[in-house]
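Student: need a 3D model of the following:
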Amino acid sequence: MDIFAGIFIAVISVLVTIYLQRLKKEQKQKKIKSSYGKKVEQDSSSILDDHSKEFNKKEILKVGDNIFVAIGYGLANSIMIEGDDGVVIIDTLESCEVAKEVKEEFAKITSKPIVGIILTHFHADHTNGTSEFIAGREDEIEIFGHETLPHYLSQVMDVRSPITYKRAVRQFGMEIPKDALKNAGIGLNLKIDGMSTVSYVYPTKTFSDKMTVNLAGLELELIHAPGETNDQIIIWYKEKKTLFPADNIYQAFPNLYAIRGCMHRDTLLWVGALDKMLALSPDILVPQHTRPVEGRETVKEIVTAYRDAIQYVHDQTVRYMNKGLSGLEIAKIVKLPPHLINHPYLIEFYGTVEWSVRAVYHGYIGWFSGRPQDLHPLAISEEAELMVELAGGIEELMQKAKNAVEAENYQWGLKLTDVLVDSGKSSDQVRELRGTCLRKLALREVSAPGMNWYITEDLVQEGLEIKPSAKARAQRIKAGETRSLFNMLTCMLDAEATLDVNTTACFKFTDTKEEVSVVIRRGICFLPLCTPDQVDMVVVTTSKVWREVMAKERTAVAAGITGEISVNTGIKQLGKFFDYFDTDV
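Tutor: Numbering: from 1, shown residues only. As a prediction, this is how the structure comes out:
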């Protein structure tokens with residue numbers, strides 16, 4: 001056997017081993033989910049189940065004579081407005097697969113071409129399917145959005161993409177098996193999985209405050225109305241007295257804070273957005289989630305109740321905040337008043353008053369509760385160990401947790417089992433008891449995000465792994481701007497390992513004529529605006545090859561052998577440079 005045959009066999013052997021390990025892992029994940037449904041108690045009489053009727057059937061709803069709303073296909077609605085010789089699409093759903101299905105349904109209604117797309121904001125369920133709607137006509141179709149949309153979309157794609165994904169999976173129940181999932185609060189579910197195709201397409205035309213769009217005989221006024229997001233826009237179709245409010249209103253209490261994690265949502269700006277809507281006196285309201293509403297007085301009553309509820313939560317939070325109460329204390333006090341609490345658009349299917357209060361408090365005051373003990377709190381593990389000691393030991397604390405569950409005090413049971421886990425004293429018995437608490441709390445939850453979080457956490461302790469697929473990771477990397485890819489590195493640096501490191505690498509991309517320098521300086525990483533005079537390593541390649549390497553579709557060593565990457569200090573130095581970063585996130 002010659003040396004090349006030996007190398008070939010060795011490589012094949014490694015690849016087969018990797019494949020079998022991956023297959024075994026996938027089978028384990030499937031088994032965890034397939035058997036989980038038996039553990040979850042079902043309550044078909046819950047109001048959350050009834051709420052599913054809003055969107056559990058795929059429909060194209062006709063509103064007036066030229067507006068068509070695709071509901072039930074994805075988490076959000078996609079809307080088509082038919083003009084004289086073309087159509088305008090509002091929002092493009094969460095994946096190209098879902099977008100393709102809706103696009104085909106719209107084509108059954110009219111063969112008129114798409115002449116414009118309006119993106120109401122940057123969230124995935126409103127933008128990920130854009131490339132499907134413009135396929136084959138990328139240079140012909142204008143895409144409209146607020147001027148800040150690219151910024152927020154890029155941010156989700158780079159510096160906070162790992163945690164955004166992990167927490168979104170929990171909030172939307174993306175890994176919960178169908179027989180255990182009710183809905184996502186504002187839609188049936190977020191239809192994205194590891195094999196979904198998503199696109200990241202930026203607007204071709206943006207604006208700051210207002211913009212009037214004339215397409216196919218349609219005159220639409222785009223109005224910046226920050227609420228659920230800072231880049232949120234609403235669309236006013238004056239001729240038909242129809243308002244498209246984006247995500248500033250839907251049939252559920254608003255997500256003034258999203259438990260998946262989000263930047264502060266200014267509640268007073270949201271109230272202002274709803275006031276803008278009321279000032280237009282629309283006859284028809286067509287939201288991006290849940291169903292359209294017709295009748296001027298009905299629309300007015302709903303929007304008024306929505307804005308008053310948001311202001312009420314804000315004002316009462318500030319009232320008690322100024323009395324010196326903490327966010328947690330206020331969250332237990334503030335409730336909607338009797339005339340709002342049972343309003344059909346204010347049931348806590350999505351956001352909750354409790355979470356909103358804490359968000360308002362944090363927006364004004366920040367993380368510090370005002371209690372001295374919170375200035376320098378104990379580490380979670382240290383406090384947990386002391387709690388175990390205080391309870392009299394593991395067995396005693398475990399018994400107290402069992403007593404809590406028997407008394408149906410599942411919140412306290414969860415707290416106690418968390419203490420055992422945090423102290424490093426977990427066991428099959430602890431996990432089983434903790435799982436009971438999580439499932440019972442899920443059963444009591446009205447908010448779909450809350451329910452989904454409890455159930456997903458139970459799946460995680462059963463062994464479910466939450467990690468984006470290789471395809472999802474590759475799509476994000478290939479869509480981002482070149483500099484944005486390196487921006488991610490700044491938050492991946494292993495600071496402890498680089499406290500004595502001072503080095504600069506310059507990456508030159510021959511196809512795009514771009515240069516990006518990366519500086520590591522004693523525990524921090526940054527991208528200087530200009531190439532420094534002193535550069536330790538120069539990497540020359542194309543942006544295409546580099547993206548493939550970053551997406552782990554090929555190795556830098558292999559690209560170096562073929563001459564597609566050259567490094568002045570040698571390819572091994574490139575590997576050493578990237579060892580400074582936690583790239584497997």
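Student: from now on I want contacts and neighbour counts done on CA atoms only, so please keep to that.
Tutor: Noted.
Student: any idea which element the residue nearest to Glu105 when sequence neighbours are not counted lies in?
Tutor: Counting by Cα to Cα, 6 or more residues apart in numbering, Glu105 lies nearest to Ile60, which is 7.9 Å off, once chain neighbours are set aside. Taking DSSP states H and E as the definition, Ile60 sits inside strand 59-63.
Student: can you list the strands that the helix or strand following that strand pairs with?
Tutor: As assigned by DSSP H and E, the chain's next helix or strand after strand 59-63 is strand 67-71. Sheet pairing for strand 67-71, assigned by DSSP bridges, gives strand 59-63 (antiparallel), strand 78-82 (antiparallel).
Student: how far off centre is the first one?
Tutor: To tie it back to what came earlier, the one meant is strand 59-63. Centroid separation for strand 59-63 versus its chain: 27 Å, with Cα atoms, centre = their mean, to the nearest Å.
Student: secondary structure class for the residue nearest the centre of the chain?
Tutor: The centre of the chain sits closest to Ala168, judged by Cα atoms, centre = their mean, with a distance of 4.5 Å. Following DSSP: H, G, I helix; E, B strand; the rest coil, Ala168 is assigned to helix.
Student: nearest residue to Ile341 in space, please, no chain neighbours.
Tutor: Closest residue to Ile341 apart from its sequence neighbours, by Cα to Cα, 6+ apart: Ile347 at 7.2 Å.
Student: neighbours around the residue nearest to Glu465 when sequence neighbours are not counted, how many?
Tutor: Excluding the flanking residues, the one nearest Glu465 by Cα to Cα, 6+ apart is Gln29, at 7.3 Å. Other residues lying near Gln29 total 18 when counted by other Cα atoms under 10 Å.
Student: thought Lys467 was touching Gln29, still the case?
Tutor: No. Contact between Gln29 and Lys467 fails when scored by Cα atoms under 8 Å: they sit 11.5 Å apart.
Student: looking at this protein, which helix or strand does the model trust least?
Tutor: Ranking every helix and strand in the chain by mean pLDDT, DSSP states H and E puts helix 3-36 at the bottom, with a mean of 67.
Student: which is the next helix or strand following it?
Tutor: According to DSSP H and E, the helix or strand after helix 3-36 is helix 47-51.
Student: what's next to that following helix, contact-wise?
Tutor: Applying Cα atoms under 8 Å, 6 or more residues apart in numbering, the set of residues contacting helix 47-51 from outside is Lys182, Asn183, Gly185, Phe349, Val446, Ser447, Ala448.
Student: could I get those as CSV with distance to Glu94 and pLDDT?
Tutor: Listed next are the contacts of helix 47-51 as CSV, based on distance: Cα to Cα, whole Å; pLDDT from 0 to 100:
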residue, distance to Glu94, pLDDT
Lys182, 19, 94
Asn183, 16, 95
Gly185, 16, 96
Phe349, 21, 97
Val446, 25, 95
Ser447, 21, 97
Ala448, 19, 97
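Student: re the thing from before, quick one: contacts of the strand holding Ile60?
Tutor: With Cα under 8 Å, 6+ apart as the test, strand 59-63 has contacts from Phe68, Val69, Ala70, Ile71, Gly72, Tyr73, Glu105, Pro292.
Student: most neighbours among these, which one?
Tutor: Ile71 (27 neighbours).
Student: list the contacts of that one.
Tutor: Phe55, Lys57, Lys58, Glu59, Ile60, Leu61, Asn77, Ser78, His289, Thr290, Arg291.
Student: among the residues you listed, which two are most distant?
Tutor: Greatest spacing in the contacts of Ile71, by Cα to Cα: Lys57 and Ser78 (14.5 Å).
Student: which of the two has more residues huddled nearby?
Tutor: Per other Cα under 10 Å, whichever of Lys57 and Ser78 has more neighbours is Ser78, with 27 against 12.
Student: tell me the buried residues in the strand holding Ile60?
Tutor: Judged by neighbour count using 16 or more other Cα atoms under 10 Å, the buried positions of strand 59-63 are Ile60, Val63.
Student: cool, and stretch 175-191?
Tutor: Neighbour counts over stretch 175-191 (16+ other Cα under 10 Å) mark 175-177, 180-191 as buried.
Student: just the CA trace of that stretch, in CSV.
Tutor: In CSV, the C-alpha atoms belonging to stretch 175-191 read as follows (Å, rounded to 0.1, in the frame of the first residue of the first chain):
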residue,chain,number,x,y,z
GLU,A,175,-38.0,22.2,19.5
ILE,A,176,-41.2,21.2,21.2
PRO,A,177,-42.9,18.2,19.5
LYS,A,178,-46.2,18.9,18.0
ASP,A,179,-48.2,16.9,20.5
ALA,A,180,-46.9,19.1,23.3
LEU,A,181,-47.0,22.5,21.6
LYS,A,182,-50.0,24.8,21.7
ASN,A,183,-49.0,27.9,19.8
ALA,A,184,-46.6,30.9,19.9
GLY,A,185,-49.1,33.5,21.2
ILE,A,186,-49.4,35.5,18.0
GLY,A,187,-49.2,32.7,15.5
LEU,A,188,-49.2,28.9,15.5
ASN,A,189,-45.5,28.5,15.5
LEU,A,190,-42.3,29.8,14.0
LYS,A,191,-41.8,27.6,11.0
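Student: ok, back up a step: let me know the closest of the buried residues of stretch 175-191 to Asp582.
Tutor: Glu175 (25.0 Å).
Student: where are the low-confidence patches of the stretch 451-585 of the chain?
Tutor: For the stretch 451-585 of the chain, applying pLDDT under 70 flags the ranges 585.
Student: tell me where it has strands.
Tutor: Along the stretch 451-585 of the chain, counting by DSSP state E, counting those that start in this stretch, strands occupy 502-509, 514-521, 524-526, 537-541, 566-567.
Student: make JSON lines out of those strands and add mean neighbour count and distance to His362.
Tutor: As requested, those are exported to JSON lines (neighbours: other Cα atoms under 10 Å; distance: least, Cα to Cα, whole Å):
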{"stretch": "strand 502-509", "mean neighbour count": "19", "distance to His362": "38"}
{"stretch": "strand 514-521", "mean neighbour count": "19", "distance to His362": "33"}
{"stretch": "strand 524-526", "mean neighbour count": "19", "distance to His362": "28"}
{"stretch": "strand 537-541", "mean neighbour count": "19", "distance to His362": "44"}
{"stretch": "strand 566-567", "mean neighbour count": "19", "distance to His362": "48"}
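Student: Ser427: which of the ones you listed is closest?
Tutor: Between the strands of the stretch 451-585 of the chain, strand 524-526 lies closest to Ser427; by Cα to Cα that is 39.0 Å.
Student: tell me which two in the contacts of strand 59-63 are the farthest apart.
Tutor: Longest span within the contacts of strand 59-63, Cα to Cα: Glu105 and Pro292, 18.7 Å.
Student: so what would you say the end-to-end distance of stretch 567-576 is?
Tutor: Here the two ends of stretch 567-576 are set 12 Å apart, with distance taken as Cα to Cα, to the nearest Å.
Student: which residues does it contact?
Tutor: Contacts to stretch 567-576, defined as Cα under 8 Å, 6+ apart, come from residues Met537, Val538, Val539, Val540, Ala556, Val557, Gly560.
Student: residues contacting Val539?
Tutor: Residues in contact with Val539 (Cα under 8 Å, 6+ apart) are Ala505, Cys506, Phe507, Lys508, Ile565, Ser566, Val567, Asn568.
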